[in-house]
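1. Got a predicted structure here, sequence first:
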Amino acid sequence: MKRIALAFALATAFSAQAVEYTQVQPDKSAINFVYKQMNVAVDGKFKRFSSQLSFDPAKPTAAKASFDVELASVDTGAQEGDDEVAGKPWFNTKAFPTAKFVSTGVKALGGNKYEVTGQLNIKGKTQDVVVPATFTAQGSNGIFEGSFTIRRADFSIGEGSWAKFDIVANDVLIKFRITAISK
Amino acid sequence: MTNHYTSTAKGLHWLMAILLFGLLALGFYMHDLPLSPEKLQLYSWHKWAGVSAFMLVLIRLGWRVTHIPPALPANMPKLMQLAAHAGHLALYGLMLAIPLSGWLMSSAKGFQTVWFGILPIPDLLDKNKELGNLLQTVHQGLNLIFVATLLGHIGAALKHHFIDKDDILTRILPRHSKEN
Ligand code: HEM
């Protein structure tokens, strides 16, 4: 009986020691996007977002991630573009200030590759997304990187005169680099 | 006797005149439009036409350095001749500097120029908002100077034709058969 108790105590001690990355470092993290304007790639970024993360490389399937992106913090490279994209036909940030991603599962693909499935909610619409990501440990920092493509029309981003894809393409590549430290 | 420009020189002169007036009008017009798909379309067209104008002016300079243009009328005062040369120099300088500033502006603003949607023009500058805005002001300022210089250019050509009654205007115009 004593032995079992000891083994149990050791096991919990070990698991408590396992590295789990939980503290996202906003200044070392970025969410960017790339889209095509008349076939020319143009990039931009979101300046403010918050995230919750827990990732233990030993137990990737238990990992969880969620992101809240403040859509009004969009930086398209031009003030005129920022104002436009915050407006009703695009994000409508007054009614829908944040975009939200919540992970529903994580699969280890071998090496440092993972596949995160989750739900993305923008402008009141939710879509399932699959996000390939890599994880790299750098000292006490864990760096998560990846990209995935969404179709803006799935979220009614760019309505009315913008709904056609001849000037602004449907596909938008979302790129992220998230740095988290372990506790 | 022929005191005319070569037909290459005439062709380039009038082709560029049409293109540059179009670019000026389009530039000032599109600048004030609210953001819309049409505006982005016009910006691209402006950039394509602007790059074309830049290439044409390079060809034109190639002609200019390999040919001696017809001389100015001998009875023209020396000061006026100097003013004419200075004006033409300014026009060449502006025809180079305006598209260059437009190209640099687009680079700095992070909107690459892809000529006719096919040929990517390299971005000479990294994305930099302040620099982009500065170059926009430069592009605009140079264009205002260009408009003033063009008014002088056209005014001078008309003065030569109607007041001085010399051949300055006709020698850049297509030949009429009875003139020869
Ligand atoms: C000789 C050639 C060109 C002429 C005469 C010309 C003329 C003009 C004029 C008159 C404007 C409006 C200025 C204002 O009110 O702000 C303008 C704006 C502009 N030009 Fe050009 N341009 C030329 C070449 C180019 C080139 C080569 C590019 C880029 C590759 C370019 C890019 C732009 C852009 C992006 C604007 C809009 C600036 C803004 O309002 O944001 N231009 N141009």
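-> Yes, it's here.
2. Check the offset of stretch B:12-24 from the chain's centre.
-> Mean C-alpha position of stretch B:12-24 versus that of the full chain (CA atoms, centre = their mean, to the nearest Å) differs by 7 Å.
3. Tabulate the CA atom coordinates of that stretch in PDB.
-> What follows is stretch B:12-24, C-alpha atoms only, in PDB (Å, rounded to 0.1, in the frame of the first residue of the first chain):
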ATOM      1  CA  LEU B  12       7.700  59.700 -78.900                       C
ATOM      2  CA  HIS B  13       6.800  63.300 -78.100                       C
ATOM      3  CA  TRP B  14       3.100  63.000 -78.900                       C
ATOM      4  CA  LEU B  15       2.800  59.400 -77.500                       C
ATOM      5  CA  MET B  16       4.200  60.700 -74.200                       C
ATOM      6  CA  ALA B  17       2.100  63.800 -74.300                       C
ATOM      7  CA  ILE B  18      -1.100  61.700 -74.500                       C
ATOM      8  CA  LEU B  19       0.100  59.300 -71.900                       C
ATOM      9  CA  LEU B  20       1.300  62.000 -69.400                       C
ATOM     10  CA  PHE B  21      -1.900  64.000 -69.700                       C
ATOM     11  CA  GLY B  22      -3.800  60.800 -69.000                       C
ATOM     12  CA  LEU B  23      -1.600  60.000 -66.100                       C
ATOM     13  CA  LEU B  24      -2.000  63.400 -64.600                       C
END
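4. Next, the buried residues of that stretch.
-> Judged by neighbour count (16 or more other CB atoms under 10 Å in any protein chain shown), stretch B:12-24 contains these buried residues: B:12, B:16, B:19-20, B:23. C-beta: built from backbone N, CA, C; applies to glycine.
5. Where does the prediction get shaky in chain A?
-> Along chain A, segments meeting pLDDT under 70 span A:1-18.
6. Close to chain B: what parts of it are there?
-> A:37-43, A:77-78, A:80-81, A:83-84, A:161-162, A:164, A:166-168 (CB under 8 Å from any CB of the partner chain).
7. buried subset of the residues you listed?
-> A:37-38, A:40, A:42, A:77-78, A:81, A:84, A:162, A:167-168.
8. Go through those residues and flag which are in strands.
-> A:37, A:40, A:42, A:168 (DSSP state E).
9. Of all pairs in the residues you listed, which one is the farthest apart?
-> Based on CB to CB, the longest span within these runs between A:Val40 and A:Val168 and measures 10.9 Å.
10. Enumerate every residue touching the residue nearest to A:Ala72 when sequence neighbours are not counted.
-> Excluding the flanking residues, the one nearest A:Ala72 by CB to CB, 6 or more residues apart in numbering or on different chains is A:Thr93, at 4.5 Å. Contact partners of A:Thr93, counting by CB atoms under 8 Å, 6 or more residues apart in numbering or on different chains, are A:71-72, A:86.
11. so A:Thr93, which of the three states?
-> coil (DSSP: H, G, I helix; E, B strand; the rest coil).
12. Show me where chain A has its strands.
-> Under DSSP E, chain A gives strands at A:21-24, A:30-37, A:40-46, A:49-54, A:64-70, A:74-75, A:98-110, A:113-122, A:125-138, A:141-151, A:168-182.
13. near chain A, which residues of chain B show up?
-> Close to chain A, as judged by CB under 8 Å from any CB, chain B has residues B:35-37, B:40-41, B:44, B:109-112, B:114, B:117, B:120, B:127, B:129.
14. Separate out the buried members of those residues.
-> B:37, B:40, B:44, B:109-112, B:114.
15. and of those residues, the nearest to A:Ile143?
-> Using CB to CB, these come closest to A:Ile143 at B:Gly110, 25.0 Å.
16. before we move on, back to that, which two among the buried residues of stretch B:12-24 are spaced furthest apart?
-> B:Leu12 and B:Leu23 (15.5 Å).
17. Can you lay out the strands of chain A as CSV showing distance to B:Gly93?
-> Shown next, in CSV, are those (distance: least, CB to CB, whole Å):
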stretch, distance to B:Gly93
strand A:21-24, 53
strand A:30-37, 32
strand A:40-46, 29
strand A:49-54, 48
strand A:64-70, 47
strand A:74-75, 36
strand A:98-110, 49
strand A:113-122, 50
strand A:125-138, 52
strand A:141-151, 45
strand A:168-182, 37
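18. Ok, which of the ones you listed comes nearest B:Leu104?
-> strand A:40-46 (16.7 Å).
19. Please name every helix or strand in contact with the closest one.
-> strand A:30-37, strand A:74-75 (3 or more CB pairs under 8 Å, 6 or more residues apart in numbering or on different chains; DSSP states H and E).
20. What lies in contact with stretch B:60-71?
-> B:3-6, B:8-9, B:12-13, B:16, B:92, B:171.
21. Could you work out the end-to-end span of that stretch for me?
-> 18 Å (CA to CA, to the nearest Å).
22. Restricted to strands, list the residues of chain B next to chain A.
-> Using DSSP E, the residues of chain B next to chain A in strands are B:114, B:120.
23. Among the residues of chain B next to chain A, which lie within helices?
-> Members of the residues of chain B next to chain A lying in helices (criterion: DSSP state H): B:37, B:40-41, B:44, B:109, B:129.
24. Ends of stretch B:105-115, what's the gap?
-> First-to-last residue span, stretch B:105-115, CA to CA: 15 Å.
25. Give me the contact list for that stretch.
-> A:37-43, A:77-78, B:43, B:47-48, B:51-52, B:103, B:120-121, B:123-129, B:131-132, B:135-136, B:138-139.
26. and the ligand, which of those contact it?
-> B:43, B:47, B:51, B:103, B:136, B:139 (CB under 6 Å from any ligand atom).
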